[in-house]
Structure formats: structure tokens, C-alpha cells
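Undergrad: Here is my input; please provide its structure:
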Amino acid sequence: MELTAAAGCDLRLQWRPFVQSLPQPLRTARGLLRDKRGWLLRLEVPGGGVGWGEAAPLMG
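TA: Got it, this is the predicted structure:
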């Protein structure tokens, strides 16, 4: 997915969901997690600058 910022601001944000299996289950106070789920983020600014990040809250 993609979002372009409001007029006068040339930021470009792209994101996509991901699921990554954990090498071993992670035990939390709320239960057992077998994979990590979240969104991979890419932000591009004028001039070609690019930043990457993720948003992956622990579910449960």
C-alpha cells in the first residue's frame, strides 16, 4: 500500500504486512507466540532519501 502526503509535503510512505516465524516459541505473560506479525515501512523524501522501519506490536 502507499500513501502520499498532503500538498506542499512530498513524503511518500509505503507499507506491507509481514509474518515471520520465530526460531523458537516466545513465552509471554499472555501466552505463547510462534510468529511475529507487523508492517514493513518505507519512507521516501525528496532528493532520494529513504528510511526503513517496522511496526510490530506483540499480540496477545
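Undergrad: Checking the nearest residue to Trp52 once chain neighbours are set aside next. Helix, strand or coil?
TA: Once flanking residues are discounted, Trp52 sits nearest to Arg42: 5.7 Å by C-beta to C-beta, 6 or more residues apart in numbering. (Glycine included, C-beta is placed from N, CA and C.) Using DSSP: H, G, I helix; E, B strand; the rest coil, the structure places Arg42 in strand.
Undergrad: Could you report the distance from Arg42 to Asp35?
TA: Using C-beta to C-beta, to the nearest Å, we find Arg42 at a distance of 22 Å from Asp35.
Undergrad: coming back round to it: partners of the residue nearest to Trp52 in the sheet?
TA: Gln14, Trp52 (DSSP bridges).
Undergrad: Correct me if wrong: it contacts Leu11.
TA: No. In this structure Arg42 lies outside contact range of Leu11 using C-beta atoms under 8 Å: 11.1 Å.
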